[in-house]
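>>> Model the structure of this input:
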Amino acid sequence: MQDNATEVTAAGIARLAGVGRAAVSNWRRRHADFPKPVGGTETSPSFALAEVEAWLRKQGKLAEVPLRERVWQQLAGHPEGPLTALVHTGCVLLLIHERPTVWLDASAGSDARLAAILSGALDQVLVPRFGGPVGRAGRGVRGAGMGPTPESGGVNRAADAGGVNAGGDAGAVNEAAHAGGVNAGAWAEGVNTGFGSSAVNAGAGSSGVNTGAGSSAVNAGAGASRVNAGAGSSAVNAAVGAADVHAGAGARPATPAPQATTPALRTPTGPQLLLSTPLLRGAAELAAETGARQAFEFLLGRHLDANPRQYTLTPAELAGLMADLAGPARTVLDPACGTGALLRAVAGRPDQELYAQDSAPELAAISALRLALHSRATVRAAAGDTLRADAHPGLRADVVLCHPPFNERNWGHDELAYDPRWEYGFPARTESELAWVQHALARLTDGGTAVLLMPPAAASRRSGRRIRADLLRRGALRAVVALPVGAAPPYNIPLHLWVLRRPDRAPATPEVLLVDTGRFAGEGRGGPDWEAVREAVTDAWDAFTRAGRLAERPGLARSVPVIDLLDDDVDLAPARHLPPAAVADGAEQLTRVRERLGATLRLTADLTPPPADPSPAARWPLTTIGELARGGALVMRTGGNGGHARVPVLTDHDVVAGTAPSGTLPESEEEAVLTEPGDVVVPVLGGGSVARVIDEATGGAVLGRNLVLLRPDRTALDPWFLAGFLRGTANNRQASSYASTATRLDVRRLQLPRLPLEEQRRYGDRFRALDEFERALRHASRLGEQLVRGMYDGLTDGTVAPG
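Reported below is the predicted structural model:
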């Protein structure tokens, strides 16, 4: 019965059976015993996964579903939502990672037995890793163990008994109760944390929370819908939606009532885990194949890829750069941790402590689990609004890394006017980023380093000039790095990195490092040249920190005396203070570009296809890629794993643009899919009719995400024939499914005509000639753009004469 709780859509059924969605619709109409919908809408129903699998197996239509796909379907269709499913899965994977024999004992029985004893087993791992003593509080027990202190974070054990208060100067945690109790929410979702005389109650599902009289009540639950306060109390709703990635996003209280944080993780109860047992068993199988850490990374990555608009992610390359600038550290804080990318990039060391906080409770929990699986460091994570309810007020970290939310108006300006963190000035309502800067500085030890990702406007807005000036005068701001366009979302603007140090002494001759890496921007969606960006930034920063200044590197970097920046605007944008690189041979370079363009245009003319010969419409017998794969005529692989070796990655943008491999993937235990000459690679997102035959230059690259590789048997299929027919517009249209914001191609449904090998090669030769013509056109377009831009720059900077 528990497995029936996992739901699957018609598109998921099609993937399970290896058919198109139209076939699923036909089965529903023609087979009276097809499973009935259990959820969804009339136009997009969902079905019980167990019932669907049983029916497909009975009909002989169940394709061999990879374990990873089956586990992902269970997670995506979890009745409590994928985020809750991810947290449950992460808890169990951490148990498997650290105490595999405990899992083996717990899982050796029915689902009911597993759920009944798993909660206690999880306590053995979660409480020691995330704070608080081992054990659990009982009915009516008053103690100081289970609540997190402001410096610690911790695990909130949800109880099935009555309400339990855990006291302490830093706050109290009231465990929720199934049977009821004082301020207890149904099914253990409630947490009551006291800060002085105020209380925070996040009840069942964080909706409909009642707080008693005489208190200041704040609902800080995820997705909370309402708060009712009793007589004599004031109520504030500070709900944060689960889709918010960075702390500080979401609804804010309108009155200056104190807020509280909750532990990032609550040990799930037996009834909560009962719905997840099929998923947890599948995840354990996946962990046995790939490792617990890799299993969690795979499921988290699939969820993030499936919901790109819900999350503002920090790319791994950028996170690595920020960690490099900060340097090695024993204590590291990310006050807006999201999914933990920044803390995950920090180099490990003995006795390391990682502190995290996020306004979205599910993300705080996922981040904590991800970090615990990634390293042996002590992890202290909490959920709550960092600016209004700092979970670590007494912390003095060696390093702070932060990707804060941008352009927030409702960050707490009215409530926090007299906050002691504003050492450099009270931020204006429009300067939320400068509030995060000062929060980071306030949590540093003397001489500690903070690296923040900032919008470029924060370097020049007039409303922030007084704070910027004080940061400069007191030696807190050490560097501003302008990143290339496309480095991180929002991808259409060049974001900045601010490197700050908490002053331990005033610099004798203060200078600030300014770096502009805009020259390393990539084409289209390919992203910047991260290797060049990292080398340029770290080299300039290392030289600057050694000497206290940096000689000018034209167009790239220089150190500027603070006094030169303290004008009326205090504009810190690097581009305004870095003269462009001198181009001594600009005219000669343009001449060479023009000559190459001329040669390319002549080649394009030679490659122009001859006039098309009219022919009656052909009526070939057709087959599908899925049928060819089942028959062994080709091998089908999907990408996304980085493997152990650092090999260039072929991205979907590279395939569309016809460029060399330009991407990277994080290393993983799973083997990467390497391309070979003659492979055909097809992007599955975006709706374009694209297929690329791998040549000698591209062979050996790792297959990136959202790509499918087809490796044809050369004795049965010609690669160019295969790629050419896969590019047909009608072929792609019939094999595509459409969501509200994206188009996805089901490669198995793409069709090919059944032709003899000799006839295939005739078509293949023609398709190869068209590909050469297309490449020449692309090359001519790039050279033309380069020539036009160079002429404009040369004429305007005086290096090219007008006549």
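>>> List the buried residues in whichever strand or helix holds Arg711.
Using DSSP states H and E, Arg711 maps to strand 707-712. Neighbour-count burial for strand 707-712, counted by 16 or more other CB atoms under 10 Å, picks out 707-712. (Glycine included, C-beta is placed from N, CA and C.)
>>> Then stretch 66-85?
So stretch 66-85, judged by 16+ other CB under 10 Å, has buried residues 68, 70-78, 82-85.
>>> a markdown table please, covering those residues and showing secondary structure.
Formatted as a markdown table, the buried residues of stretch 66-85 follow (DSSP: H, G, I helix; E, B strand; the rest coil):
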| residue | secondary structure |
| --- | --- |
| Arg68 | helix |
| Arg70 | helix |
| Val71 | helix |
| Trp72 | helix |
| Gln73 | helix |
| Gln74 | helix |
| Leu75 | helix |
| Ala76 | helix |
| Gly77 | coil |
| His78 | coil |
| Pro82 | helix |
| Leu83 | helix |
| Thr84 | helix |
| Ala85 | helix |
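>>> Dump those to a markdown table, plus pLDDT and distance to Glu297.
Formatted as a markdown table, the buried residues of stretch 66-85 follow (pLDDT from 0 to 100; distance: CB to CB, whole Å):
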| residue | pLDDT | distance to Glu297 |
| --- | --- | --- |
| Arg68 | 85 | 12 |
| Arg70 | 83 | 18 |
| Val71 | 90 | 13 |
| Trp72 | 88 | 13 |
| Gln73 | 85 | 18 |
| Gln74 | 88 | 17 |
| Leu75 | 92 | 13 |
| Ala76 | 88 | 16 |
| Gly77 | 86 | 20 |
| His78 | 89 | 18 |
| Pro82 | 92 | 15 |
| Leu83 | 93 | 16 |
| Thr84 | 93 | 18 |
| Ala85 | 94 | 15 |
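>>> Considering these, which is situated nearest to Thr314?
Using CB to CB, Leu83 comes nearest to Thr314 of those, at 18.5 Å.
>>> Look up how far Leu304 lies from the closest one.
The spacing between Leu83 and Leu304, counted by CB to CB, to the nearest Å, is 11 Å.
>>> just checking, what packs against the longest helix along the chain?
In the chain, taking DSSP state H as the definition, the longest helix is helix 757-797. Applying 3 or more CB pairs under 8 Å, 6 or more residues apart in numbering; DSSP states H and E, one finds that helix 757-797 contacts helix 586-607, helix 719-726.
>>> What residues sit buried inside stretch 537-557?
537, 540-541, 543-545, 549-550, 553, 555-557.
>>> Just the ones of the residues you listed in helices?
Per DSSP H, those map to helices at 537, 540-541, 543-545.
>>> just to revisit the earlier point, just the mean pLDDT for the longest helix of the chain, thanks.
The pLDDT scores in helix 757-797 average 90.
>>> That helix versus helix 586-607: what angle between them?
For helix 757-797 against helix 586-607, the angle by axes from the mean of the first three to the mean of the last three CA atoms, to 10 degrees is 160 degrees.
>>> Can you pick out the most distant pair from the buried residues of stretch 537-557?
Farthest-apart pair in the buried residues of stretch 537-557 is Thr545 and Gly555; separation 21.7 Å (CB to CB).
>>> picking that back up, now, among the buried residues of stretch 66-85, which is nearest to Val515?
Leu83 (37.5 Å).
>>> show me the contacts for the closest one.
Residues near Leu83 by CB atoms under 8 Å, 6 or more residues apart in numbering: 242, 303, 362-363, 366.
>>> quick revisit: of the buried residues of stretch 537-557, closest to Val681?
Val537 (32.4 Å).
>>> from memory that closest one sits against Asp516, does it?
No. At 10.2 Å, Val537 does not count as touching Asp516 under the criterion of CB atoms under 8 Å.
>>> what's the overlap in contacts for these two?
By CB under 8 Å, 6+ apart, the residues touching both Val537 and Asp516 are Val481.
>>> measure Arg596 to Arg602 for me?
Arg596 is 11 Å from Arg602, by CB to CB.
>>> higher neighbour count, those two?
Arg596 (15 against 12; other CB atoms under 10 Å).
>>> Ser432: neighbour count?
For Ser432, using other CB under 10 Å, the count is 23.
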